[in-house]
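Student: sequence first, then the predicted structure:
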Amino acid sequence: MNKVSIILGVILMAAMPLSKSFKIEAASKKVRPTQFQKALLKIESQKGDYSESKRLKNLLDLAWEAHLSDNPETATTLGRREYNHRWTDNSLGAIEAREREEKSLLTVLNGFNRKQLNPTDQLNYDLYKYEVENQIQSSGFDGKFLPLNQMDGFQIWTGHTLAMMPLENSKDLKNYLSRLEKIPTMIRETQTLMEIGLKKGVVPSKIPLSGVSQQLQNHLVDDAQKSPWVSPLLNISKEISQEDRAKTLAQAESIFKDRIVPILQSFKSFFEESYLPKCRETFGWSDMPNGKKWYLANVKAMTTTDYGPDQIHEIGLQQVERIEKEMHALMDKMGGRKSIPEFVEQLNADPKQKLSSPEDMLDGFRLIGKRIDEKLPGYFKLLPRMTYGVKAVPAESAENTPAGYYEGGSIEVGRPGYFYANTSLWKVFGKWEMETLMIHETVPGHHLQVTIAQELKDVPEFRKNTWYTAYGEGWALYAEHLGHEMGLFSSDASRFGYLASEMLRAARLVVDTGLHWKGWSRDQALAYFKKYTGESNPVEIDRYIVWPAQALGYKIGEIEIKRLREESKKIAGKNFDLRDFHDVVLGAGGLPLKILEKNVITWAKAQAKKKS
């Protein structure tokens, strides 16, 4: 989420003579420097005329606008409308241009005198440089040739983006139709990258990818109005005339049937006949070209620590052992010793734990959210203005989607955050799991953390929208733990649900490193997972296979936040205030764990000096 990536043509600054470094780069690449690179040179030329803080502000403003122009989908999510007529250019040429621009950006960043920045701008500088360096490191691998899997790709997120677009005036309608018209180009760009990946041997694991066929088929509907790419137009504002609404819908149906469906059918044939059969039979990222180094880079990026795969694997084993003991103690209390899978099966068979319908699932989550909201002021002084709602996961992506996820809102356009519940699972998802999931995804979990960041004052825009898995998911898992202190678990079954969730995240440390570092098979990972979590659905394991190291951030982040809480409590002594601790953790937006630690310890030392 929110990668740093720069494009030309956003803020047009006067062209300047190229510095030697840029001339060399352009000559060696046989490409002309982009408008953005020229704009960077203007930032460089401001040395001596502006303070370093002013230059940094100019650079961050420039880069943020460039980022939104280059990632129109992100701009839409944030409520910015000026890029709503297009999608990200993912042609190979555009991707390579962005990679060159990122290196140019780092060159300019390295030219700053950090010592001349005030403490606030030093943090802004450090965080932005961290982001750019991570993006450059990521670009050194071949992830661009893996544009699609069962968890991600145009077949997943395009409909989400279109559903967020405003439909309030004629410009909005033109933007929508423009994006529809460009979907065939997006599909062709995706296929081109996949074809290059085939030639380079950079291909995903075959078994997890097989679900994509059905996802593509879900878009090939006879009735265009049932397509997630057209159906949002059924909600055009009533302020627009009936004639214009009907005309727009008719145009969209024509674009869908005449232009999108043929290219989508062709892509589906390519995927099934040429791509999927040549994908890897293996499961670990280490089997990819340069896979070991690639996985190590992912581990560092996802955990924002120096922990290696072997160390994380051992932490996972220790956590699994601890949680297993706690689960068995609670199981004994609830009705006799069983294995974890047997007890989970017993809970799922309990009529009291069964949902009656998809609507019952949605209503249950809403009631839990209201109960949590009432208790938040006792644990947080800083609370967001933005609200959240509960919706069902779109049907076309439900099959390969977990039980629930959070999607941020936008203050600018008045769109709340949403918790998406996978109502297709209502028959197999127990009530005993609901409280923990709601805590994690909404409050005090993701909604609280994401929205507080978005509402920060006097910080660069990138700070409001930066995502670090270890911080964001670590906080959400810490929020689950906080649920005990807040009295949010209404029964022993729900408390078991919390432990089951914690076990899930601990087992991930073992399984992810097992798959990608230690050579585990998919069956070995499934067996381990079933033994300790009771989960036999391969969807979870397949997620780890295609998102290497992403699952590591959760438990590592939670462990670090818990450690910081105890350490700061010792330092601050009787002046420790839990609400203030939470506000410090959340009050600067997303942070790498090392910078979070520095912030928390600095705060704790200041608290210790206060008089009672």
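Tutor: Yep, it's here.
Student: which positions in stretch 354-370 come out as buried?
Tutor: 355, 358, 361, 362, 364, 365, 368, 369 (16 or more other CB atoms under 10 Å). For the C-beta atoms, the positions are set from N, CA and C on the backbone; glycine is no exception.
Student: now stretch 454-473
Tutor: 454, 459-473.
Student: in helices only, show me those residues.
Tutor: 454, 461, 462, 463, 464, 469, 470, 471, 472, 473 (DSSP state H).
Student: and the fourth one, how far from residue 233?
Tutor: Using CB to CB, to the nearest Å, one obtains 35 Å as the distance from residue 463 to residue 233.
Student: quick revisit: now, among the buried residues of stretch 454-473, which is nearest to residue 209?
Tutor: Ranked by distance to residue 209 (CB to CB), the buried residues of stretch 454-473 are led by residue 469 at 22.4 Å.
Student: correct me, but residue 381 touches residue 583?
Tutor: Yes: between residue 381 and residue 583 a contact is recorded at 5.4 Å, counting by CB atoms under 8 Å.
Student: how is this structure divided into domains?
Tutor: Following automatic domain parsing, one finds the domains of the chain at 1-140, 147-281, 298-555.
Student: go through the ones you listed and pick out the most buried.
Tutor: Highest mean neighbour count among the domains of the chain (mean count of other CB atoms under 10 Å): domain 298-555, with a mean of 19.
Student: what helices or strands is the helix or strand hosting residue 95 leaning on?
Tutor: For residue 95, the enclosing helix or strand under DSSP states H and E is helix 92-110. Secondary-structure packing of helix 92-110 (3 or more CB pairs under 8 Å, 6 or more residues apart in numbering; DSSP states H and E): helix 20-29, helix 35-45, helix 52-70, helix 119-139, helix 170-200.
Student: ok, 7 Å please
Tutor: Under the contact criterion of 3 or more CB pairs under 7 Å, 6 or more residues apart in numbering; DSSP states H and E, helix 92-110 touches helix 20-29, helix 35-45, helix 52-70, helix 119-139.
Student: got CSV for these, with mean pLDDT too?
Tutor: CSV is the format used below for those (pLDDT from 0 to 100):
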stretch, mean pLDDT
helix 20-29, 37
helix 35-45, 85
helix 52-70, 94
helix 119-139, 96
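Student: of those, which is nearest residue 325?
Tutor: helix 119-139 (37.5 Å).
Student: centre of the chain versus the closest one, how much separation?
Tutor: 18 Å (CA atoms, centre = their mean, to the nearest Å).
Student: and what of stretch 598-605?
Tutor: Mean C-alpha position of stretch 598-605 versus that of the full chain (CA atoms, centre = their mean) differs by 28 Å.
Student: hey, where'd the helices end up in the stretch 251-400 of the chain?
Tutor: With DSSP state H, counting those that start in this stretch, the ranges of helices along the stretch 251-400 of the chain come out as 261-270, 291-303, 309-335, 340-349, 358-375.
Student: out of these, nearest to residue 122?
Tutor: Per CB to CB, nearest to residue 122 of these: helix 291-303, 22.3 Å.
Student: which secondary structure elements does the closest one contact?
Tutor: If contacts are counted by 3+ CB pairs under 7 Å, 6+ apart, helix 291-303 sits against helix 469-485, helix 552-572.
Student: what is the rounded mean pLDDT of that helix?
Tutor: Computed over helix 291-303, the mean pLDDT rounds to 97.
Student: before we move on, back to that, using TSV, lay out the helices and strands packed on helix 291-303 together with distance to residue 167 and mean pLDDT.
Tutor: Listed next are those as TSV, based on distance: least, CB to CB, whole Å; pLDDT from 0 to 100:
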stretch	distance to residue 167	mean pLDDT
helix 469-485	31	97
helix 552-572	36	98
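Student: could you measure from the residue lying closest to residue 129 once chain neighbours are set aside over to residue 297?
Tutor: Spatially, and ignoring its direct neighbours in sequence, residue 129 is nearest to residue 109 (5.1 Å; CB to CB, 6 or more residues apart in numbering). In this view, residue 109 and residue 297 are 20 Å apart by CB to CB.
Student: and for residue 94?
Tutor: Distance from residue 94 to residue 297, by CB to CB: 23 Å.
Student: so where's the stretch 501-612 of the chain uncertain?
Tutor: Across the stretch 501-612 of the chain, the ranges flagged by pLDDT under 70 are 612.
Student: what segments of it are helices?
Tutor: Under DSSP H, counting those that start in this stretch, the stretch 501-612 of the chain gives helices at 522-533, 539-546, 552-572, 578-586, 593-609.
Student: which strands or helices does the strand or helix carrying residue 250 pack on?
Tutor: Taking DSSP H and E as the definition, residue 250 sits inside helix 242-255. Packing partners of helix 242-255 (3+ CB pairs under 7 Å, 6+ apart): helix 170-200.
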